[in-house]
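[1] build me a model from this:
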Amino acid sequence: MKQPSALKSITYHGLETGPRLIVLGAVHGNETCGTQAIHRMMQELDAGQRELARGTLTFVPITNPLAWQLEQRNGERNLNRNFRLTDTPEDFEDRIANRLGPLLQAHDVLLDLHSFHTGGEPFVMLGPRNNDSELEYFQQAEAEQALARCLGVRRMVEGWLDTYARGVARRLRNPNASLRAQMLSTDPGYGIGTTEFMRAHGGYAVTLECGQHDDPNAPEVAYQAIINTLAHLQLLDLPAPTPRQDVEVLQLVEVIDRDHPEDRFTRSWGSFDPVQAGDEIGHRHTGEPVVAPCDGFIVFPNPNALPGNEWFYRAELSDRF
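    Residues are numbered from 1 along each chain as shown. I've put the predicted structure just below:
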């Protein structure tokens, strides 16, 4: 099968100055809701049903065209990990990053539209609070939080990169895979995806998980998020969306890897399923139980994770808002 040789983006330029927004769909090839929402919005703009009032709006409907062609999450590896520019690209995702990275750098705000594997309600991934650390320096938390609250979803999750850094440190002590796509999980930059790259280059960004992959409502969640973002940033002359007041924020605290193909969950977990201290979440192939150390939540469970990659995350309630 011939690999795609181009990355398609479409840009609308308002005649008045304003923020520069970029919206991504299908960073993972089996997550179609963002692509559907982007195409719907483009049709409305092209038909004159909506008109960009100011600023710049860029759409990338299919961010990983190889994964899209294969109808699976990854092409040769996960585009949303180890995202960086390189002079020595080794795989398809490296080549995409070399084109997408400069496009992200040319914008101020990123809305990255995703869906997830197991059931659960939509949620938004926030970046860090304002900080001056080496891991993820950031000083635009207020703007990012304001955007997140207007997207229309109730639940938010923070703590991604910090949790990943701890997971990387553990993998380095006990590497568990041989393929490059798996060994990248021991790279200190492995947790860097599109939003982390955007923040590192002066912008701010949110990832919106619009629902389960096949949820018929997920494209509508994605579409409404685009509308709300355009209104919030005043790129469209629409009333500003009302910020959610009933938000629930969870803090990721730990990533647990799948060590062996026969590691199994005790049941079919969904994101944000609550657990209590002592609950058995899964079993290693040796029979050893994987137990919740304290009360909290399961996030991003992936029963099909490759050995050496993230199996699930633990989260606890956050005091961010």
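[2] over to the closest residue to Asn217 other than its chain neighbours: give its phi and psi.
    Leaving aside its chain neighbours, Asn217 sits nearest to Gly211 (6.1 Å; criterion: CB to CB, 6 or more residues apart in numbering). The way it works is simple: take the backbone N, C-alpha and C, and place the C-beta from them, glycine included. Dihedral pair for Gly211: phi 140, psi -180, per degrees, to the nearest 10.
[3] please, where are all the strands along the stretch 151-300 of the chain?
    155-158, 204-212, 248-258, 264-265, 273-275, 280-283, 289-291, 296-299 (DSSP state E, counting those that start in this stretch).
[4] of all these, which one is nearest Gln140?
    strand 204-212 (4.3 Å; CB to CB).
[5] determine the set of other helices and strands touching that closest one.
    Identification of packing neighbours for strand 204-212 by 3 or more CB pairs under 8 Å, 6 or more residues apart in numbering; DSSP states H and E yields helix 33-46, strand 109-116, strand 123-125, helix 141-149, helix 194-200, helix 218-232.
[6] so what's the gap between the shortest one and the chain middle?
    I take that to be strand 123-125. 8 Å (CA atoms, centre = their mean, to the nearest Å).
[7] pLDDT weak spots in this protein?
    171-188 (pLDDT under 70).
[8] domain ranges for it?
    10-248, 251-317 (automatic domain parsing).
[9] out of those, which gets nearest to Met1?
    Nearest to Met1, of the domains of the chain and by CB to CB, is domain 10-248 at 7.2 Å.
[10] tabulate the domains of the chain (JSON lines), appending distance to Lys2 and mean neighbour count.
    Shown next, in JSON lines, are these (distance: least, CB to CB, whole Å; neighbours: other CB atoms under 10 Å):
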{"stretch": "domain 10-248", "distance to Lys2": "9", "mean neighbour count": "19"}
{"stretch": "domain 251-317", "distance to Lys2": "26", "mean neighbour count": "17"}
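[11] dump those into TSV; add distance to Pro4 as well.
    Below are those laid out as TSV (distance: least, CB to CB, whole Å):
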stretch	distance to Pro4
domain 10-248	4
domain 251-317	23
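[12] between the ones you listed, which gets nearest to Gln3?
    Per CB to CB, nearest to Gln3 of the domains of the chain: domain 10-248, 5.6 Å.
[13] looking at the helices and strands packed on strand 204-212, which is closest to Glu280?
    strand 109-116 (22.9 Å).
[14] pull up the pairing partners for the closest one, direction included.
    Using DSSP bridges, strand 109-116 pairs in its sheet with strand 20-24 (parallel), strand 204-212 (parallel).
[15] ok and that strand relative to helix 141-149, angle-wise?
    Counting by axes from the mean of the first three to the mean of the last three CA atoms, to 10 degrees, strand 109-116 lies at 50 degrees to helix 141-149.
[16] change the start of the numbering to 23 and stick with it
    Let's use 23 as the start, then, which means that last one is strand 131-138.
[17] can you give me the distance of Gly330 to Thr251?
    36 Å (CB to CB, to the nearest Å).
[18] do Ile44 as well
    11 Å.
[19] joint contacts of these two?
    131, 133 (CB atoms under 8 Å, 6 or more residues apart in numbering).
[20] stretch 46-64: how far from the chain's middle?
    Distance of stretch 46-64 from the chain centroid (CA atoms, centre = their mean) equals 13 Å.
[21] do stretch 250-266 as well
    22 Å.
[22] check stretch 219-229 too.
    On CA atoms, centre = their mean, the centre of stretch 219-229 falls 12 Å from that of its chain.
[23] start to end distance for it?
    12 Å (CA to CA, to the nearest Å).
[24] do stretch 283-293 as well
    21 Å.
[25] which residues touch that stretch?
    Stretch 283-293 is contacted by residues 138, 140-142, 145, 302-307, 320-323, 325, 329, 333-334 when judged by CB under 8 Å, 6+ apart.
[26] repeat that with 6 Å
    140-142, 302, 304-307, 320-321, 323, 325 (CB atoms under 6 Å, 6 or more residues apart in numbering).
[27] tell me the centre residue of the protein?
    Thr229 (4.4 Å; CA atoms, centre = their mean).
[28] okay, and the beta partners of that one?
    Asp134, Met147.
[29] would you check that it makes contact with Met147?
    Yes: the criterion here is CB atoms under 6 Å, and Thr229 meets it with Met147 at 4.0 Å.
[30] can you verify Gly40 is assigned to a helix?
    No: in this structure, Gly40 is coil, not part of a helix, as judged by DSSP: H, G, I helix; E, B strand; the rest coil.
[31] what sits against it?
    Shown in contact with Gly40 (CB under 6 Å, 6+ apart): 76-77, 257.
[32] how about it, nearest residue that isn't a chain neighbour?
    Here the residue nearest Gly40, using CB to CB, 6+ apart, is Gly77, at 2.8 Å.
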